[in-house]
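In: I'd like to go over a predicted model; first the sequence, then the structure.
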Amino acid sequence: MKQAKNLPLAYILTGWLLLSLSTFGFSQHIRTAAEQGGLYLPLLEGKKVGVVGNQTSILPQSNSKHLVDFLLENKVNVTKVFVPEHGFRGTADAGEKVDNSLDSKTGLPIVSLYGTNKKPSPAQIQDLDVLVFDLQDVGVRFFTYISTLHYVMEACAEQGKPLILLDRPNPNGNYVDGPILKKGFESFVGMHPIPLVHGLSIGELAQMINGEKWLKGGVQVDLTVIPVANWNHAMAYELPVKPSPNLPNALSIRLYPSTCLFEGTVVSLGRGTYFPFQVYGYPDARFGEFTFTPVAIDGMSKTPPHQDKLCYGRDLRSESLTEPFTLSYLLEAYQRSEMKEKFFISYFNTLVGTDELKKQILAGKTEAEIRATWQQGLQDYAALRSKYLIYQ
């Protein structure tokens, strides 16, 4: 990890002390990078700053103050804000167009990085001296904030702009699982050859992207990662705000790697309810005894699959999650459907980053048999991951 430059000695010693206390078991509050202004405010003095952020870019222990407001209060010259999928306030549906606009509170111009403009253009960053990136990831390859990260890194590298990443804990950061993305299946829901559950903080992943030269042309960005204090990968972390409109609570985030696979099928995962990613169902009684009816919900899902149709399936809200990522829900629904190939939509292979999983399911493979085919890839990834860990 690149060390923060030109920091006052007091800040360095304070950071070392906090890390030492955490290492030797003393109880400390987890502090996101955004909450440690002393580690990055000196890097922004006298510079024109762009912020990549959204509703997750807050300081939880400062009454959830937004990072942009905090920077402005500390006389940082923020000149524009870039926003990913779901928009600056996090109210846009998945896949919904996010328009350029002005922030009603600060008057700052907001530049959308979703839709046709996923990567900041040279014109959009030419007047900036540095970009600050602060988004809450959930540790799953198809959660698109990490794709936004990739394009921001690439734009900064190409235009010679340094990037300061304010790190946050990964709520699914205690394990690694799933198939590795296969070459030829890259998309905005999967840009890197990593497992479906990657087990990295967004700062660690940024270091991997940079170190492995995964940006176009092998370019590398001038990257500074400000780390989280008092957190490691074995520690649970519950997000203070929803990372996206349809991940409303900790359970939905833990189920997300497993239930999001239904996005590539004809089955509903509960969009159009107040418990998305925590149920699944289809308009056919064979799918289960639990019922729900997806409806349009403003700010969550305006046109959910199977809208206004009674769906039958399973309620997962009491799951123990002893196995955080599982294929059991997908396999059970597939078997009950008796639809064979028609169970899947064309998006499935793109979502999972490989065509192997669909083939294995159609061939009747068990979860254990499918998992066995992932193991070599996961072992190779474990060795790669160890090179970029900031937290143990």
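Out: Nice, thanks for sending it over.
In: okay, stretch 228-244 in PDB with CA atoms only?
Out: Presented in PDB, the C-alpha positions along stretch 228-244 are these (Å, rounded to 0.1, in the frame of the first residue of the first chain):
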ATOM      1  CA  VAL A 228      -9.900   1.500   8.300                       C
ATOM      2  CA  ALA A 229      -8.800   1.500  11.900                       C
ATOM      3  CA  ASN A 230      -9.500  -1.300  14.300                       C
ATOM      4  CA  TRP A 231     -11.000  -3.800  11.800                       C
ATOM      5  CA  ASN A 232      -9.900  -7.100  10.400                       C
ATOM      6  CA  HIS A 233     -11.500  -9.600   8.000                       C
ATOM      7  CA  ALA A 234     -12.700 -11.800  10.900                       C
ATOM      8  CA  MET A 235     -14.800  -9.000  12.400                       C
ATOM      9  CA  ALA A 236     -18.500  -8.600  11.700                       C
ATOM     10  CA  TYR A 237     -19.500  -5.200  10.400                       C
ATOM     11  CA  GLU A 238     -23.100  -3.900  10.000                       C
ATOM     12  CA  LEU A 239     -23.400  -1.000   7.500                       C
ATOM     13  CA  PRO A 240     -24.800   2.200   8.900                       C
ATOM     14  CA  VAL A 241     -26.700   3.000   5.800                       C
ATOM     15  CA  LYS A 242     -28.100   0.900   2.900                       C
ATOM     16  CA  PRO A 243     -25.500   0.400   0.200                       C
ATOM     17  CA  SER A 244     -28.200   0.400  -2.400                       C
END
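In: Buried residues, that stretch. List them.
Out: Applying a neighbour-count criterion of 16 or more other Cβ atoms under 10 Å, one finds V228, A229, N230, W231, N232, H233, Y237, L239, K242, P243, S244 buried in stretch 228-244. Heads up, the C-betas are built off the backbone N, CA and C, glycines and all.
In: among those residues, which are in helices?
Out: Members of those lying in helices (criterion: DSSP state H): none.
In: Format the residues you listed as TSV; extra columns: pLDDT and distance to F275.
Out: Output for these, formatted as TSV (pLDDT from 0 to 100; distance: Cβ to Cβ, whole Å):
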residue	pLDDT	distance to F275
V228	98	29
A229	97	33
N230	97	32
W231	98	28
N232	97	30
H233	97	28
Y237	94	21
L239	96	17
K242	93	13
P243	95	16
S244	92	15
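In: what's the closest of those residues to L269?
Out: Nearest to L269 out of the buried residues of stretch 228-244 is S244 (Cβ to Cβ; 13.5 Å).
In: Could you chop the chain up by domain?
Out: 9-241, 250-354 (automatic domain parsing).
In: Endpoint to endpoint, the shortest one covers what distance?
Out: Across its full length, domain 250-354 reaches 28 Å end to end, with Cα to Cα, to the nearest Å as the criterion.
In: Stretch 214-232 too?
Out: 26 Å.
In: Tell me the buried residues in that stretch?
Out: So for stretch 214-232, counting by 16+ other Cβ under 10 Å, buried means 214-215, 220-221, 223-232.
In: Among the residues you listed, which pair sits farthest apart?
Out: Farthest pair in those, by Cβ to Cβ: L215 and N230, 31.2 Å.
In: Averaging pLDDT per element, find the lowest-scoring helix or strand in this protein.
Out: None of the helices or strands of the chain scores lower by mean pLDDT, DSSP states H and E than helix 9-23, at a mean of 40.
In: Let me know the next secondary structure element after that one.
Out: Counting by DSSP states H and E, the element after helix 9-23 in chain order, helix or strand, is helix 41-44.
In: ok, back up a step: out of the buried residues of stretch 214-232, list just those in strands.
Out: L223, T224, V225, I226 (DSSP state E).
In: closest to I58 among the buried residues of stretch 214-232?
Out: V228 (14.1 Å).
In: and the closest one, what is it in contact with?
Out: Contact partners of V228, counting by Cβ atoms under 8 Å, 6 or more residues apart in numbering, are I30, R31, T32, A33, D167, R168, P169, S201, G203, Y391.
In: ok, now T373?
Out: Residues in contact with T373, defined by Cβ under 8 Å, 6+ apart, are P179, E356, Q360.
In: any chance of the residues you listed in a markdown table, plus secondary structure?
Out: As requested, these are exported to a markdown table (DSSP: H, G, I helix; E, B strand; the rest coil):
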| residue | secondary structure |
| --- | --- |
| P179 | strand |
| E356 | helix |
| Q360 | helix |
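In: got these as CSV, with distance to N63 columns?
Out: Output for those, formatted as CSV (distance: Cβ to Cβ, whole Å):
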residue, distance to N63
P179, 42
E356, 48
Q360, 49
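In: Which of these has the largest number of neighbours?
Out: Using other Cβ atoms under 10 Å as the neighbour test, the contacts of T373 are led by P179, with 20 neighbours.
In: shouldn't it be in contact with H198?
Out: No - with contact defined as Cβ atoms under 8 Å, P179 does not count as touching H198 (11.8 Å).
In: With that, I have no additional questions.
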